[in-house]
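S.K.: Pasting the sequence and the predicted model now:
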Amino acid sequence: MSDTRTPLSRARGLGSAKEGVHHWWMQRVTAIALIPLVVWFAISLVMLSGADYAVARAWIGSPLVMVLLTLTIVVGLYHGQLGLQVVWEDYTDGALRVFMIVFTKFIAVLFGLGAVLAIMRIGFGG
Amino acid sequence: MSVANRPERPLSPHLQVYRLPMLAILSILHRATGIALSVGGLYLATWVMYAASNPRAYALFQSFNVSIAGRIVLGGWLFSAFFHLFNGIRHLFWDAGYGFEIKDAERSGWIVVAAALVATAASWAVGLRLM
């Protein structure tokens, strides 16, 4: 079959969805970032699994933890919604697919922003 | 053409009577743990938000986490996280073009399962020690 794409379209390499390999690439980049973050976070989670209010706040509010925890939650939720998008694309279609993908992204942003503001509130006192 | 003379053709797997190969099970498990971790991520974000609220609300939230059910969820989260992490590294190797032979894929699959179990136990032990 002959290729009907223009040379410019081929050079741009963005395909019909106009985003090329962006989704695939971001999934890999966030995956690599999450390798050390998840190892750190898994151990911290066991450590804090029984922590009371004061202990949890002291941990969340310490400078290094603020940075790493923000990264873990933001990068983790971003990676998660990329993956869930593919799940919806595989198992649903039409209006339901569009709704579930947008809904998933909204939920990720809602909880991500909520967690980041919570971390800042604990760390900066308020 | 009679049934007896029909040439032998490969049949597509019939899921009710087909024993899934180990590689297929791991592939499904990667997606399943990914979905579980996404839900777990929302739960962890909620934990941070409770820590930013008042002590009473936080204590109520924590009362589940320290229960037997909460411990099982934590164990499940740890295994999901490490399985998805190690299997994700396996995927990165595939992305780079390595390990596509069935024998290699099966071996790396078993390594991932073993590593996930060891890392789950190790992180639990290290976490308790640092507590």
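M.R.: Ah, there it is.
S.K.: So for the host helix or strand of residue B:70, mean pLDDT?
M.R.: Using DSSP states H and E, residue B:70 sits in helix B:68-95. The average pLDDT within helix B:68-95 is 96.
S.K.: cool, stretch B:119-131 as well?
M.R.: Mean pLDDT, computed over stretch B:119-131, is 90.
S.K.: quick check, that stretch touching chain A?
M.R.: Yes - Stretch B:119-131 reaches chain A (CB under 8 Å from any CB of the partner chain) through B:119, B:123, B:124, B:126, B:127, B:128, B:130, B:131. (Glycine included, C-beta is placed from N, CA and C.)
S.K.: With stretch B:30-46 instead?
M.R.: Yes - Stretch B:30-46 is in contact with chain A by CB under 8 Å from any CB, via B:31, B:34, B:35, B:37, B:38, B:41, B:42, B:44, B:45, B:46.
S.K.: residue contacts, the nearest residue to residue A:32 once chain neighbours are set aside?
M.R.: Of all residues not flanking residue A:32 in the chain, residue B:92 sits nearest, at 7.3 Å (CB to CB, 6 or more residues apart in numbering or on different chains). Going by CB atoms under 8 Å, 6 or more residues apart in numbering or on different chains, residue B:92 touches A:28, A:31, A:32.
S.K.: Can you list the helices and strands that the helix or strand where the last one lies packs against?
M.R.: Looking back up the chat, that one is residue A:32. If you go by DSSP H and E, residue A:32 is part of helix A:22-47. Of the remaining helices and strands, those touching helix A:22-47 by 3 or more CB pairs under 8 Å, 6 or more residues apart in numbering or on different chains; DSSP states H and E are helix A:63-91, helix B:68-95, helix B:102-130.
S.K.: could I get those helices as a markdown table with distance to residue A:7?
M.R.: Below are these laid out as a markdown table (distance: least, CB to CB, whole Å):
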| stretch | distance to residue A:7 |
| --- | --- |
| helix A:63-91 | 30 |
| helix B:68-95 | 28 |
| helix B:102-130 | 38 |
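S.K.: Let me know which of those is the nearest to residue A:52.
M.R.: Closest approach to residue A:52 among these (CB to CB): helix B:68-95, 14.6 Å.
S.K.: picking up where we left off before, and the residues of stretch B:30-46 next to chain A, which is closest to residue A:84?
M.R.: residue B:38 (5.6 Å).
S.K.: What's the separation between the closest one and residue B:12?
M.R.: 31 Å (CB to CB, to the nearest Å).
S.K.: what residues does chain A put near chain B?
M.R.: Residues of chain A lying close to chain B by CB under 8 Å from any CB are A:28, A:31-32, A:34-35, A:38-39, A:42-47, A:49-53, A:56-57, A:60, A:69, A:73, A:76-77, A:80-81, A:83-84, A:87, A:107, A:111-112, A:114-115, A:117-119, A:121-122.
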